[in-house]
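Trainee: only geometry, no sequence info:
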């Protein structure tokens, strides 16, 4: 890790969604760097509300999710920087919106199987928080953590969002 504030928050050994013998780790920090190589980037938009801080989700096939962009496969994979800029352009209309990585999920896969097509032994899924007041240019839903907990707390990014919102 390059950032002394990065720390392991949650670890799921024998994660059911990964090959046998694999672990999923959730890391958080003030400006994380340890997510390389990344396979997906996610964007966290937050805003104050009378009921407390809210975060933004968009509709996805498995239900509401943080805005997400898949970076591609192997030699066709775009850089994290390009991916975050593209995602910011899609979600807030500004590819230059300032962001900082507030955490990442790291897949630790010592032995891949035929279903796992990502880098081994590590592959990261960083969450980047937009650090300015930005308004989404796409449809979505704003949630307070209390309202979202019942339906979204099983998401891999949930602990990262709660940490970033100081919950």
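Mentor: Alright, I've got the coordinates. None of the values given here were measured: they were computed from a predicted structure.
Trainee: show me the contacts for residue 91.
Mentor: The contact partners of residue 91, by CB atoms under 8 Å, 6 or more residues apart in numbering, come to 43, 45, 56, 58, 67, 136, 137, 138. C-beta coordinates here come from the backbone N, C-alpha and C atoms, glycine included.
Trainee: find the nearest non-adjacent residue to residue 15, please.
Mentor: residue 24 (4.1 Å; CB to CB, 6 or more residues apart in numbering).
Trainee: secondary structure element for the one residue sitting closest to the centre of the chain?
Mentor: Centroid-nearest residue in the chain: residue 127, 3.2 Å away (criterion: CA atoms, centre = their mean). If you go by DSSP states H and E, residue 127 is part of strand 122-130.
Trainee: and the angle for the longest helix belonging to the chain with strand 122-130?
Mentor: When the chain is parsed with DSSP state H, its longest helix is helix 80-92. Computed by axes from the mean of the first three to the mean of the last three CA atoms, to 10 degrees, the angle separating helix 80-92 from strand 122-130 equals 40 degrees.
Trainee: I'd like the numbering to begin with 25 instead of 1 from here.
Mentor: Got it, first residue is 25 now, which makes that one helix 104-116.
Trainee: the helix or strand following helix 104-116 pairs with which strands?
Mentor: Past helix 104-116, further along toward the C-terminus, the next helix or strand under DSSP H and E is strand 123-132. Applying DSSP bridges to the sheet, strand 123-132 is found paired with strand 47-52 (antiparallel), strand 146-154 (antiparallel).
Trainee: in the next helix-or-strand element following the strand holding residue 151, which residues are buried?
Mentor: Using DSSP H and E, the helix or strand that follows strand 146-154 in sequence is strand 165-167. Across strand 165-167, burial judged by 16 or more other CB atoms under 10 Å covers 166, 167.
Trainee: and strand 165-167, what does it pack against?
Mentor: Contacts defined by 3 or more CB pairs under 8 Å, 6 or more residues apart in numbering; DSSP states H and E place strand 165-167 against strand 78-81.
Trainee: pLDDT (mean, whole number) over the strand it packs on?
Mentor: In this model, strand 78-81 carries a mean pLDDT of 98.
Trainee: over to stretch 111-123?
Mentor: 97.
Trainee: can you give me the end-to-end distance of it?
Mentor: Its start and end residues considered, stretch 111-123 measures 11 Å (CA to CA, to the nearest Å).
Trainee: ok, stretch 47-62 next?
Mentor: End-to-end distance for stretch 47-62, by CA to CA: 16 Å.
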